[in-house]
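Engineer: Okay, sequence plus prediction incoming.
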Amino acid sequence: MAAGGYASSRPRYGGAVRVLLHDRVMSIDPIGDEDHPVTRDRLAELAFETLTEIDTQGRLRPKLAVTWHADQAKRVWQFRLRLANFHDGTVLTAADAVASLAKSNPAWKYSAPDRQTIVIETPSPVQHMAEMLAMPRYAIVKRQMENNAAVLIGTGSYKLTQWQAGERAQFTANEDYWGGRPFADTIEFQMGASLRDQLMDRQLGPYAATELSVDQIRAVEQNNQTVYVSRPADLMAIVFPQRDCTGRPSKKAVDTRVREALGLAINRAAISNVLLQRKGTPAAGLLPQWLTGYEVILGGATNLDRARELRSDAAAFVVITPIALAYDFSDPLAKQVAERIAVDAREAGIVVQPYGEAHINSKTARASINADALLLRVPLESVDPQTALAARFDDLGLLQANPSAILAATRPEDILESEQTTLGNHCVLPVAHVPEALWLNSTAHNWQQRVNGEWDLDQLWVEGAR
Amino acid sequence: MLKTAFKRRFCALLCFCLAAPSAVPQDTPSLPAAASEFARLILSREGSLSTLSVTFQNLSSIPPETQEAMQNAIFNVFRGANVKLVKPEQSPVNVQITFSEDWQGYVLIANIQQGAVSHAVIKKLPRQQRAQSQNNPTLTIRKIPVWQQESPILDFYQDNQNLLVLEPGQLSLYASDSGQWRPRQTLGIPHQAPWPRDARGRLEVHGGEINAFLPGTRCSGKISPPSLECRASDDPWPVDQGLVAFFSPRRNFFSGLLAGQSAGASVAPFFSGATWQAGDQRLWLFTGTDGRARLFQNDLATPVTTFSGWGSTLAAVHTTCGSGWQLLASAPVDTSRADSVQAIEISAHEALPVSAPVDLSGAVEALWTAGNYNQVVNGVLYSQTSGRYEAFTLTVVCNQ
């Protein structure tokens, strides 16, 4: 039997959990346009719940909905709600859920035939509606105005009790939660932490957990600390924000041959092995191999000869100007990857000029960025491939990608073909799949990181409390 | 901490034997069959194919011998459909078959190239469990699965005719029918407030009388005809033979206040407790909510020793091995990980492991002493892998 000073398999109640976050979140609204949606979702999931959830094993589970079914065409879906209360004490009704979902996706039609039943009608079939509704953006939120300020009310196991945008958030156990009061009394997040300093000073003692970037993993592991690394789930990719790709006007369009040439010039293996320290994987597709099993057949190998050939072909018809590549100013890893891409591109005779931009992850702010290409890092929003691909198309803002076709697909090869078609126009160049990493204090238990890097803090408890 | 140094000597004395494996090793016999099905799927999608070439690549963890069997199965289906298999340069249709895998299973991909046009056929297969390694023998803890379900199991009772499964919202009765448990009746357990996290419960059946204890709720009834009446109650729960204790109604532990024969005594709050007789000594052991297990001897005023490094769930079992009593204790692992159970003897205030840990497929949720002679431990585990709760019994067998 293993020995340990303070070990137990049974969770303990009480205690405060303190977590350090690198990013600054300005709002926890699950449908808000946020610079750091992954971090936002980590906070929001404590207070807001979805109708369904996908567990750590990838199984679909009931959450606020207890049952659901669809018509044969998968166009009309009916969900039956459980009995649950909002944090303000009011009972969750189908009308509340309908109002919330209508904000999340206005393209669908909703109705509430009774207090516990929601009906969703979609213009085209949605095979995996229940999986889709497990995404944080479909969380049920009651939005109301108080003192001229928008207040968001959820049903989750924790209530948001203190909020300083971009600085600090405190969540307190919901004593009346339908699934039973959570174990910890409070979870407090401190944002904008300079983790590098704290790691150097070994000042992490009071904290239960903190986010790590890929380049910090090795140093922490070498100190025999507990590090959770998700599967490489986030996608780092170049997107060309031009009319034929995203539908938005741009100062100039990068020729399709040049885009293809750039894709062939990128040394993805070097980026994964060196910059991502073998924690990431080269990306040939939009979804990672571990999720689909088919990424291996999409190619993605460097081919400088072909890249030069394509560049020459293009030069015969158009003037090839330098490509301004914007990356996330606050992400040192993105800067390194962008610079490496510029070096690779030069080998094919293409000039890429990387520069840092703030707010690159916000869709609204992105629209005003004056770059020829964007290096984006987008999260894997679902472990259901169909749902994940549709969400990825949306996150990347790709015009020619057709989420409806993906959602209607009934076979895995339909998803592959949809991805191939999208990649074929070279509006998006996958670069790498990157994991999410976390340092965990040995006093924190049952902290679960899902395979896509999402946190599941439902069963979290900490030592030193009862 | 457990004195593992004593293990060998103690095992030699008692001649204990091996820990029973709890998982059934599986090979992958169905993969060639799945490959045949995949080949038929390719043919059905492609319509009439008279000639094609097939090449393979294995990017999965499928072993070479299984891969070969799968390839042969695919060839056989094609030949059986009168498809002529030729070299790639001689064929208008080339099929590149990739054995791949995702995080949940194997993925078979056929990339079918016909001139400039290509398309794919994909089949996903669940990955089968690999054989688990077995530990070296010391003492046999025999685990017998009783029942599995997706909804939580708090406790259960079984005899030759009946299986009663206590769940947070109901008591399910099953009747034995040709060796199978058939649903007989479900009796609801109404309750006002939500159950606490890590909800626990206790089920006792004596002479057909049912007593069920849940946080803040007590139910009484009969097996035949099935009946159950529940009420809000803080009545103490039976923990072990002669050990009764109050349970915190909104938490997952006993408050430490004892009742019954030990009425008036109190110990530190605990998750589970056991009591047994060793010669003329009465012993109690409680796994505290502070992570320490406390041993009491003859009285409950002050523990004679404390142990750390234990799991929080244990139960005593009466056997013909060793001193006649062992404790079966869970391991100190988080509930998100697979647990194990190990037999321990208390001797001279020391805890001696007397069996190898029996690996379980999930986290131990409950262990309660059962049987007319306390010779059985009823257990419940939750497997994150399968998403199911499993009721099982544990017995200790000595190798005499």
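Structural biologist: Looks like it came in fine.

Engineer: okay, and for chain A, where does confidence drop off?
Structural biologist: Chain A contains residues with pLDDT under 70 at A:1-8, A:195-204, A:250-251, A:399-401, A:465-466.

Engineer: Tell me how it divides into domains.
Structural biologist: A:12-48+A:156-230+A:436-466, A:49-140, A:234-434 (automatic domain parsing).

Engineer: residues contacting residue B:337?
Structural biologist: residue B:363 (C-beta atoms under 8 Å, 6 or more residues apart in numbering or on different chains). All C-beta spots, glycine's among them, are computed from the backbone N, C-alpha and C.

Engineer: State whether residue A:235 is indeed within a helix.
Structural biologist: No. Counting by DSSP: H, G, I helix; E, B strand; the rest coil, one finds residue A:235 to be strand, located in no helix.

Engineer: Could you tell me the phi and psi values at the closest residue to it other than its chain neighbours?
Structural biologist: Residue nearest to residue A:235 in three dimensions, not counting chain neighbours: residue A:378, with 5.2 Å by C-beta to C-beta, 6 or more residues apart in numbering or on different chains. As for residue A:378, its main-chain torsions (degrees, to the nearest 10) stand at phi -120, psi 140.

Engineer: Kindly report the same for residue A:94.
Structural biologist: The phi/psi pair for residue A:94 (degrees, to the nearest 10) is phi -60, psi -30.

Engineer: do you know how far it is from chain B?
Structural biologist: Residue A:94 sits 21 Å away from chain B, going by C-beta to the nearest C-beta, to the nearest Å.

Engineer: wouldn't that residue be in contact with residue A:115 here?
Structural biologist: Yes. Proximity of residue A:94 to residue A:115 meets the contact threshold set by C-beta atoms under 8 Å, at 5.7 Å.

Engineer: Looking only at neighbour counts, state which of the two leads.
Structural biologist: residue A:94 (20 against 13; other C-beta atoms under 10 Å in any protein chain shown).

Engineer: Is residue A:272 part of a helix or strand, or is it coil?
Structural biologist: Reduced to three states with three-state DSSP, the structure at residue A:272 is helix.

Engineer: Count the neighbours of it for me.
Structural biologist: With other C-beta under 10 Å as criterion, residue A:272 counts 23.

Engineer: Likewise for residue B:40?
Structural biologist: Other residues lying near residue B:40 total 15 when counted by other C-beta under 10 Å.

Engineer: Doesn't it lie inside a strand?
Structural biologist: No. Per three-state DSSP, residue B:40 lies outside any strand segment and is helix.

Engineer: OK, contacts around the residue nearest to it when sequence neighbours are not counted?
Structural biologist: Nearest non-adjacent residue to residue B:40, counting by C-beta to C-beta, 6+ apart: residue B:77, 5.7 Å away. Contact analysis of residue B:77 by C-beta under 8 Å, 6+ apart lists B:36, B:39, B:40, B:43.

Engineer: where's residue B:77 relative to chain A, distance?
Structural biologist: Remark: distance between residue B:77 and chain A (C-beta to the nearest C-beta) = 19 Å.

Engineer: Stretch B:360-374 vs chain A: in contact?
Structural biologist: Yes. Stretch B:360-374 is in contact with chain A by C-beta under 8 Å from any C-beta of the partner chain, via B:363, B:364.

Engineer: Show me which positions of that stretch end up buried.
Structural biologist: The neighbour-count criterion (16 or more other C-beta atoms under 10 Å in any protein chain shown) identifies B:360, B:361, B:362, B:363, B:364, B:365, B:366, B:367, B:368, B:369, B:370, B:374 as the buried residues of stretch B:360-374.
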